[in-house]
Every structure is written in structure tokens, then in C-alpha cells.
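Chemist: the following block contains a protein sequence and its predicted model.
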Amino acid sequence: MNYKVNEQGFYGDFGGAFIPEMLYHNINELKENYLQIIESEDFQEEFKDLLKEYVGRPTPLYFAKRLSEKYNTNIFLKREDLNHTGAHKINNTIGQILLAKRMNKKRIIAETGAGQHGVATATVCALMDLECIVYMGEIDIKRQAPNVARMKMLGAEVRPAISGSKTLKDATNEAIRDWIENPEDTYYLIGSVVGPHPYPDMVARFQSIISEEMKSQLMEKTGRDYPDKIIACVGGGSNAAGAFYHYLDNEKVELIAVEADGLGIDTDKTAATTQVGTKGIIHGSKTLLMQNSEGQITEPHSISAGLDYPGVGPLHAHLFKSGRGKFIGATDKEALTAAYQLTKLEGIIPALESAHALAALDKINFNPTENVVINLSGRGDKDMETYIKMMDNE
Amino acid sequence: MSRIENTFNNKQNILNIYVTAGYPNLNDTVEIVQELTNNGVDMIEIGMPFSDPLADGPTIQNSSEVAIKNGITIELIFNQIEEIRKTIDIPIVMMGYYNQVLQYGSDPFFEKAKAAGVDGFIIPDLPLDIYEKEHQQKVESLGLDMIFLITPQTTNERIKLIDSKSSGFLYVVSSFAITGSKSDIQQSQIDYFKRINSLDLINPKLIGFGISDKKTFDTACQHANGAIIGSAFIKDLEGSNNIKQTVKEFIRTVL
């Protein structure tokens, strides 16, 4: 089984570029150029240098002693929360901004849900002195005021998406429409392994730095360059794609993706796409998505804005269907409990997204000798309001 | 000869009007199409309301949201077209997104559409190669037309490729735009229309996006076989309580 994208942009049955002709030129330009640019020595040098000096990589692979004791196994946390701007998102925005510059684009557009990708995009645009416009659902703008303020302070224009459900999926639609209207000078900087080919592959490559570092760090700490299990949360799936990337073909490594069950997969308040979704097309990609029998895309729910997406990247749809990935879910409540547990045991406040990966610990059987890596994709500063509310309720 | 082909053979300056099915009220579509026909419209594009219409602007998206809330379904659209066909013989093209076709089941979709009296389809996010591989045979065997879009960024080589896969007509997107934006036709657009005309294409051409009134319609007709109007008409339908009157007044501003 092959888990890398093929020439037509498919992972098995999933992927492709289902785009209107108005985007054909832009997508084709990207498709024709991205590999050559990002594999060039000069690109890699600048990319790696910025990741080291600006982002603060490599991120530690921290052996979580007390957490390991609790679950009677060996748990390592890949500390993506320690990156500049607080999550793995910046690995991708650094990569894409360097690509955009090399393609002579002057104007950067992005979509954001919780605001993490928006902040990471605004950050690299400030760094590179490029115009930045971030589309964000009107409802999310109200929910995520601190990140909106950060983007503005960084010089970005935040444009509300007022169509549809006024959340991430609509912000993505608006960004795509902006690109249709400004095809010549504009670069669309997508935040996850979603959208038309080549975005899923490109974003996965930029995030693959996570598993690249894991290999040498595991070798050093365990004498073997691979773990027995990797656990990561999946919304669109970029942090999971990065954490799985260099182990996709190593069948000895169990890849565990954790989706947001929301209030539960038997309710209509969920974002567990592989559990309740069906095959279809969203944002130019054939993948699994939440929709009704008419093909109308339905609104997801998760306490974590970063997992609140009605689709999943085509790579993950393929991992799910082929059985290479094991997909489990964690509810809002389980994620909150896991966030509190990590905070108390290890002194690390995780992002709500990452808390879903941590919640999976209670759903898996471990043996005492195996090594488990949890990708701690982001830190919890942005979620303090939710955490405080929970404290007040108890 | 198909209805579309026949229309282009017998008439110039084709006016194609877009109508969102199930808008403004669930059962208005039949009357709207009848009135459009009475007022001299040559062709009808019936929009299948979709939750995430990437190529459409706010006007059509809003009308789609209303129609979905009204309870429109693909099945109801087929019923409405059947009803329209009892009295009307001008070409009807369905416009929608590929996901809707896939969820209905593509073969049944094309078959049912044919049975209802549909003549062709515009599915903007259906890639040319997927159409060729998975649907072309079916669509052609039913005698239906598949209409593809070209834009100012489409290269001459690709325009020729798209022309060779299209039937019925080519949908010439007038500018870098989603539907319902921009209003005047610029010199750069005219140059683009001239470039297309120099290519000696097989299919007739209709210009769409940004056509809203007599002036823009006439300009489009100078450079193509006619034009498509969508958002400008949908805007007038919003809040209309007399469809007959609204249609009549709108068409008077165009023809």
C-alpha cells in the first residue's frame, strides 16, 4: 500500500483537485512548481534556518514520567506547543511563505478557525513584509477575540466571513473566492492538509519536520528511531500528518488519530468525520466529510475550534479506509479532563485540540515496555477562557 | 438536433437567465421560468442550491441558503422541471456542484435529468479529466450537453481542449470574478473575447459573470452568441411579491 500522494494528487480514492476553472491556472502553477522549489537546496537552507532560529526548533521530545507511571508505559510528548506562536501551525506557514516569495506573490490570504493559523500566517507576513488578509467566520471572530487582536497587531486585515454558518468552512470558501478574484498577485496559504492537490501534500511535507525530529530524538532516547504508537488529534489533520509522515510506510508503528466526538457521535454535535462522514467533495478535495443525503455540507461541533471542521484531509481518509490508521474519538468532556490531568501531572497546559490526543490514553491498552509518542500540537493559552469556565463549574 | 444546438442555429443574441431553484419560495420556480419565457428569454439555467458554492458570490449563495431552508431537493427540482416542460420548449441547463451529483449518484442523476427534460449541465468543479473518464460516455449516450467554463487565465491551448470536451456551448467567464461582482466591461475583457473568437472554436459561446443590464448584455452579444445573467435577476426576485411583474420589469432592462 502506498500512502504518499500520486501524480494525479490522489491518496488511494481520495484527494485530487475538484476546482472551478477560475482556479485552474493558480493550482496548476503551484502544482508545477512546488516540488522543485521546496526541494531546492537554497529553499531548504532558508526553511531550516528559520525553523531553528525563529521558530525555536527542534522542539523537545519530552519523556513524561508521571503520565507514563499513570498509564504504566513510556509516554513521550512531542512539544510542538513550544514553537513560536504556540503550535505546529507555524512550520507550515514558514514553508509556504518562502514558497510564495519565490513565486513572486505580493498578497497573502488565509482562512482561520480558532485563529491559530491566522496568527501563524500574520506572523510570517510581518516577518517577510507581505500584505496579509485573513478570513475568519463572523462567529469565530466573536469567540476568539485575543487571536483577532494578535493578527491585527501583526498587521493583518481580518475579514469576517458572513456567509453560510459563519465559521471555518465559510472562511475557507471566502478565501477561495478572494483567490478567484485576485488570481495574479495573490497566494492562498492554506492551514491544513486539506483543499485541492497539491496543498495536502505540500502542507504534510512542511509539517513532516515533526516526525523527522522524532526519529533522531527517539534514537537517542530509546536506541530505536521509531515508537510503537503515535497519537495525534485530527481536525483537517496537519499535525497528525506531520507526526505520521516518516512512519507511514513503517508498519511496526501504530498510527492513532483522534477525532473530536463533540457531545458524542450519536448526537448531531460532533466533528468525528470518519465516524459520521461519507465520501464527497469539500474545498476541492475528494475525501470523507459530514453531509446530508443531498450533499449539503453539515456543521460540525467541537469544543476545540481547531478540530471544528466538517472534513478531514485526503491522506487521513485514505489511512482510515485502508486501515493503516486507527481512528478513535474523544468527547468535549474527555478532552477537558485530559487537559486538566496533563496540567496537574506534568505542569503543561495543552491546547484543547491536543487534549483530544491525550484523552485517547484512557481508550488504548499499553504494555509497559512500549514507547508512545503523543504529538502535543499546541499550548493552552488561547483556551484559558474555556478552562476557567470549567473550573468555575466544579 | 438538441434543443441547445437548435436554439443557437436559429437565433442570435441568446439571453440565458439563471434561476435558483426553490427561491424565493419553494414552488416559485415553475412560474418564474414561465414568465421568463413569455418575456423572450431564450434559455434557462436552473441552479441546484448548494451549501458551499465556491464559484458564486453572496447573492447566489444567499438565495441558495434560502432555497435549502425552503426544503428544496434534487428530486423536487426534477419535478419542477417536469412541470415546466409541460408548456415550455426552450433549453434548460442545470447548474450545480459536483458533490451534489455524486451524492445523488451520477448515473441516476443524468438519467433522471434527461427524463425530466433537462438539456445540459454546468458543474464548475467537475474536472475535465474526471468527466472524460467517468461521465462523458453516459452524458453523451443520453444526448445531453456538458458545458465547461473558460476564464481570462485559460490558455489558448487549454481553451481548445475544453472546447473539444464541451457540447452545447462554452461558458465564457468574463473576468477574474465570482458571480455577481463587477459591472462594466473593460477593454482588457474585450481583448480576451477577441482572443477567444480568433481561435475558431467548435461550440457557440455565452458570456457570463458581470452581465446585468442592457449595456453589458449588448456588449457581450457583440463578442459572443449571447450572455448569461444570474445575480442581477436573483437580486430583483428577493422580496418580490409579484413574480410576473418583477420578471417583466427585469427583462425590460435587458432586451
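Modeler: Noted; the coordinates are in hand. Numbering: from 1, shown residues only, chains lettered A, B, ... in the order given.
Chemist: chain A contacts on the stretch 1-150 of chain B?
Modeler: B:50-55, B:57-58, B:61-62, B:65, B:68, B:73-74, B:97-104, B:124-127, B:129-130, B:148-150 (C-beta under 8 Å from any C-beta of the partner chain). To be clear about C-beta, it is placed using only N, CA and C from the backbone, and glycine gets the same treatment.
Chemist: can you tell me which of the residues you listed are buried?
Modeler: The neighbour-count criterion (16 or more other C-beta atoms under 10 Å in any protein chain shown) marks B:50-55, B:57-58, B:61-62, B:65, B:68, B:73-74, B:97-104, B:124-127, B:130, B:148-150 among these as buried.
Chemist: got the contact list for A:Glu259?
Modeler: A:233-235, A:271-275, A:307, A:312, A:327-330, A:356 (C-beta atoms under 8 Å, 6 or more residues apart in numbering or on different chains).
Chemist: give me the buried entries from those.
Modeler: Buried subset of the contacts of A:Glu259 (neighbour count, 16+ other C-beta under 10 Å): A:233-235, A:271-275, A:307, A:312, A:327-330, A:356.
Chemist: now, among the contacts of A:Glu259, which is nearest to A:Ala17?
Modeler: Taking C-beta to C-beta as the measure, A:Ala17 lies nearest A:Val312 of the contacts of A:Glu259, at 17.2 Å.
Chemist: so who does the residue nearest to the closest one when sequence neighbours are not counted touch?
Modeler: Using C-beta to C-beta, 6 or more residues apart in numbering or on different chains and skipping the chain neighbours, the partner closest in space to A:Val312 is A:Thr273 (4.4 Å). Going by C-beta under 8 Å, 6+ apart, A:Thr273 touches A:259, A:288-290, A:300, A:309-312.
Chemist: at 6 Å what do you get?
Modeler: Residues in contact with A:Thr273 (C-beta atoms under 6 Å, 6 or more residues apart in numbering or on different chains) are A:288, A:290, A:312.
Chemist: okay, now A:Gly264: neighbour count?
Modeler: Per other C-beta atoms under 10 Å in any protein chain shown, the neighbour tally for A:Gly264 reads 14.
Chemist: what is the three-state secondary structure of it?
Modeler: Here A:Gly264 is coil, with the state taken from DSSP: H, G, I helix; E, B strand; the rest coil.
Chemist: repeat that for the one 5 residues further on.
Modeler: Under three-state DSSP, A:Lys269 falls in the coil class.
Chemist: ok, now A:Thr59?
Modeler: From three-state DSSP, the assignment for A:Thr59 is coil.
Chemist: show me the contacts for it.
Modeler: So A:Thr59 contacts A:79-80, A:82 (C-beta under 6 Å, 6+ apart).
Chemist: before we move on, what about A:Asp201?
Modeler: By C-beta under 6 Å, 6+ apart, the contact list for A:Asp201 reads A:Val5.
Chemist: show me what the host helix or strand of B:Ala115 is packed against.
Modeler: B:Ala115 is part of helix B:106-116 when elements are defined by DSSP states H and E. When contacts are defined as 3 or more C-beta pairs under 6 Å, 6 or more residues apart in numbering or on different chains; DSSP states H and E, helix B:106-116 sits against helix B:74-85, helix B:136-141.
Chemist: just the closest residue of chain A to chain B, please.
Modeler: As assessed by C-beta to the nearest C-beta, chain B sits closest to A:Gly295 within chain A, at 3.5 Å.
Chemist: neighbours around that residue, how many?
Modeler: 24.
Chemist: hmm, it is touching B:Tyr104, no?
Modeler: No. Here A:Gly295 does not reach B:Tyr104: they are 7.2 Å apart, not a contact under C-beta atoms under 6 Å.
Chemist: got a list of what residue 83 touches?
Modeler: No chain was given, so I picked chain A. A:55, A:90 are the contacts of A:Asn83 under C-beta under 6 Å, 6+ apart.
Chemist: that's the wrong chain, I meant chain B
Modeler: B:Val30.
Chemist: picking that back up, looking at the residues of the stretch 1-150 of chain B next to chain A, which are in helices?
Modeler: Members of these lying in helices (criterion: DSSP state H): B:58, B:61-62, B:65, B:68, B:74, B:98-104, B:129-130.
Chemist: just flag the most distant two among the residues you listed.
Modeler: Longest span within those, C-beta to C-beta: B:Asn62 and B:Asp129, 32.7 Å.
Chemist: residues from the stretch 101-250 of chain A in reach of chain B?
Modeler: A:163, A:173, A:176-177, A:180-181, A:183 (C-beta under 6 Å from any C-beta of the partner chain).
Chemist: A:Glu29: which of the residues you listed is nearest?
Modeler: Proximity of these to A:Glu29 (C-beta to C-beta) peaks at A:Pro183, which lies at 9.3 Å.
Chemist: would you list the phi and psi of the closest one?
Modeler: phi -80, psi -20 (degrees, to the nearest 10).
Chemist: follow-up on the earlier one: which of the contacts of A:Thr59 has the most neighbours?
Modeler: A:Glu80 (29 neighbours).
Chemist: may I see the residues of the stretch 101-250 of chain A next to chain B organised as a markdown table, with secondary structure added?
Modeler: Listed next are those as a markdown table, based on three-state DSSP:
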| residue | secondary structure |
| --- | --- |
| A:Ser163 | coil |
| A:Asn173 | helix |
| A:Ile176 | helix |
| A:Arg177 | helix |
| A:Ile180 | helix |
| A:Glu181 | helix |
| A:Pro183 | coil |
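Chemist: and stretch A:289-305, what's buried?
Modeler: A:289-291, A:294-305.
Chemist: which elements pack onto the helix or strand harbouring A:Val134?
Modeler: Using DSSP H and E, A:Val134 maps to strand A:131-137. Helices and strands touching strand A:131-137, by 3+ C-beta pairs under 6 Å, 6+ apart, are strand A:107-112, helix A:116-128, strand A:157-161, helix A:168-181.
Chemist: residues of the second one that come out buried?
Modeler: I take that to be helix A:116-128. For helix A:116-128, by 16+ other C-beta under 10 Å, it's A:116-125.
Chemist: same check, this time on the third one
Modeler: Of the residues in strand A:157-161, those buried by neighbour count under the rule 16+ other C-beta under 10 Å are A:158-161.
Chemist: do stretch B:76-93 as well
Modeler: B:76-78, B:80-81, B:83-84, B:88, B:90-93.
Chemist: grab the nearest non-local neighbour of residue 126.
Modeler: You didn't pick a chain, so chain A it is. A:Leu154 (4.8 Å).
Chemist: actually, chain B is the one I wanted.
Modeler: In space, B:Leu126 is closest to B:Tyr98, 4.6 Å off (C-beta to C-beta, 6+ apart).
Chemist: cool, and A:Ile139?
Modeler: Leaving aside its sequence neighbours, A:Ile139 sits nearest to A:Lys166 (C-beta to C-beta, 6+ apart; 4.5 Å).
Chemist: for stretch B:238-251, give the mean pLDDT please.
Modeler: For stretch B:238-251, mean pLDDT is 95.
Chemist: also stretch A:370-389?
Modeler: Here the average pLDDT along stretch A:370-389 is 95.
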